[in-house]
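> Just a sequence and a predicted model for now, questions to come.
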Amino acid sequence: MNIFITGGAGYIGSHTCVELLNEGFDIVVADNLSNSSQVSLDRVRRITGRDFPFYEIDICDEDALSRVFEEHSFDGVIHFAGLKAVGESVSRPVTYYSNNLISTLTLCRVMQRYLVHKIVYSSSATVYSPDNPLPLREESKLGCTNPYGWSKYMCEQILRDVAAADRRWSALLLRYFNPVGVHPSGLIGEDPRDIPNNLMPFITQVAVGRREKLHIFGGDYDTPDGTGIRDYIHVVDLAKGHVAAIKYLQGFTGVDAINLGTGRGFSVLEMVRTFEKTNGVNIPYEIVGRRAGDVACCYADPQKANRLLHWRAEKTLEDMCRDSWRWQYNNPHGYGRDDGGNVTLH
Ligand code: NAD
Ligand code: WQD
């Protein structure tokens with residue numbers, strides 16, 4: 001089976017490329033490299049020993065996208081391409097809505113024209129309203145607090161409407177919780193362009209000496225240690241969830257949303273302590289005020305994914321911390337300076 005992957009040079013996309021290639025799928029990748037490096041794809045080739053075509057194009061460019069569909073025939077699409085920084089989406093809403101909605105609409109139009117009707121979409125736990133009881137289930141109330149979240153919500157709705165209008169379509173809306181960790185080779189990973197917004201890349205940059213200390217946003221939440229709790233999921237587990245989703249799509253029509261999480265929450269302090277213990281490094285931190293928009297606690301009910309996709313997350317918090325550190329240690333500047341990804345850490 002040949003799968004078209006948008007945003008495949010990015011963090012989750014590159015890991016999914018590895019799992020698909022390892023499972024014998026053929027892939028074609030498109031990415032405009034606005035938040036990634038082509039080096040990630042060279043590393044995917046190195047890990048898997050397999051080659052695949054790459055197109056440096058913007059998915060919003062219908063002519064360029066059509067040329068890819070002209071040159072290949074696809075059995076399905078995984079649509080990762082999008083902008084994802086919550087804070088930036090608040091200050092640049094038009095950029096976020098344009099990129100995330102137009103890319104999805106253009107992709108739908110081209111898929112329709114080339115009779116490709118199966119799509120896996122990268123959605124997010126951020127589409128759930130913050131006032132839901134936990135754990136979050138697929139039927140929990142939806143509602144967002146920032147333009148990024150709304151753009152994910154709107155793309156879900158677009159795909160629901162497309163599938164409702166034409167019964168040949170099938171779409172799985174995968175709602176990721178907090179992806180962290182990297183491939184155990186330490187060759188591919190998360191490489192934020194600026195100051196990291198997310199917890200794990202900030203911790204690894206402190207560990208490697210690029211940042212002085214971690215600011216922990218809020219120590220007064222109603223949680224056992226006062227810090228925020230999240231459902232961290234290893235990106236390799238997440239990538240395997242996409243392989244399961246693509247397989248499931250072959251016998252499915254319609255549209256469905258599925259959580260990809262572990263079902264277990266850990267606090268910021270638990271994450272810091274686990275990182276320190278697993279890797280034998282010290283993470284200086286300071287507890288500061290809460291970050292606007294954060295909730296105390298968020299975790300998934302992953303039973304639907306277990307039931308429908310026969311998938312469950314297997315990796316531990318220790319695995320997430322160990323693998324993230326291996327990547328950062330061997331690539332202290334991310335993909336920015338390709339040092340060949342020499343893995344020396346054990
Ligand atoms: P990422 O930024 O590493 O990957 C996204 C990729 O899409 C990048 O390589 C970027 O260059 C590319 N891209 C963006 N706009 C494009 C366009 N118009 N045309 C072509 N390429 C384009 O992010 P990621 O963490 O791998 O996230 C992948 C997807 O998963 C995104 O849609 C994101 O919203 C979603 N998601 C991510 C998280 C997370 O915490 N990482 C959580 C939930 C959902
Ligand atoms: C985790 C915890 C912070 C950084 C975000 C998006 C969400 C989804 C996943 C895309 C929280 C705390 C963090 C730091 C800290 N992305 N923290 N110091 O906010 O749960 O989710 O990424 O869809 O939409 O909102 O993840 O990693 O930013 O934060 O104390 O420097 O770590 O307060 O409790 P979040 P995160």
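Received it, and whenever you're ready, just let me know what you need. Ligands and ions are numbered 1, 2, ... in the order given.
> Please count neighbours and contacts with C-alpha atoms only from this point.
Fine.
> which residue does the stretch 51-200 of the chain bring closest to ligand 2?
Distance from ligand 2 to each residue of the stretch 51-200 of the chain (C-alpha to the nearest ligand atom) is smallest for residue 198, at 3.3 Å.
> Quick check, residue 84 in contact with residue 147.
No: with contacts counted by C-alpha atoms under 8 Å, residue 84 stays clear of residue 147, the gap being 10.0 Å.
> So for those two, which residue has more residues nearby?
Set residue 84 next to residue 147 and count neighbours by other C-alpha atoms under 10 Å: residue 147 wins out with 23 against 16.
> host element of residue 220?
Residue 220 belongs to no helix or strand when assigned by DSSP states H and E.
> can you tell me which residues contact it?
Taking C-alpha atoms under 8 Å, 6 or more residues apart in numbering, we find residue 220 in contact with 226-227.
> separation between it and ligand 2?
When distance is defined by C-alpha to the nearest ligand atom, to the nearest Å, residue 220 is 11 Å away from ligand 2.
> how near is residue 3 to residue 227?
Note on residue 3: its distance to residue 227, by C-alpha to C-alpha, to the nearest Å, is 40 Å.
> The longest helix seen in the chain: which residues count as buried?
Counting by DSSP state H, the longest helix found in the chain is helix 147-165. Using 16 or more other C-alpha atoms under 10 Å as the test for burial, helix 147-165 gives 147-156, 158-160, 162-163.
> The helix or strand following that helix pairs with which strands, and in what direction?
Toward the C-terminus, helix 147-165 is succeeded by strand 170-176 as the next helix or strand (DSSP H and E). If you go by DSSP bridges, strand 170-176 pairs up with strand 118-124 (parallel), strand 254-260 (parallel).
> Does ligand 2 have contacts with the last one?
Read that as strand 254-260. No: on the criterion C-alpha under 6 Å from any ligand atom, strand 254-260 is out of touch with ligand 2, staying 11.9 Å away.
> repeat for the first one
Yes: judged by C-alpha under 6 Å from any ligand atom, strand 118-124 comes into contact with ligand 2 through residue 124.
> Just the C-alpha atoms of that strand, please, in CSV.
The C-alpha coordinates for strand 118-124 follow below in CSV (Å, rounded to 0.1, in the frame of the first residue of the first chain):
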residue,chain,number,x,y,z
LYS,A,118,-9.1,7.6,3.0
ILE,A,119,-7.6,10.0,5.4
VAL,A,120,-6.1,10.0,8.9
TYR,A,121,-6.1,13.4,10.4
SER,A,122,-3.8,14.8,13.2
SER,A,123,-6.3,16.2,15.7
SER,A,124,-5.6,17.0,19.3
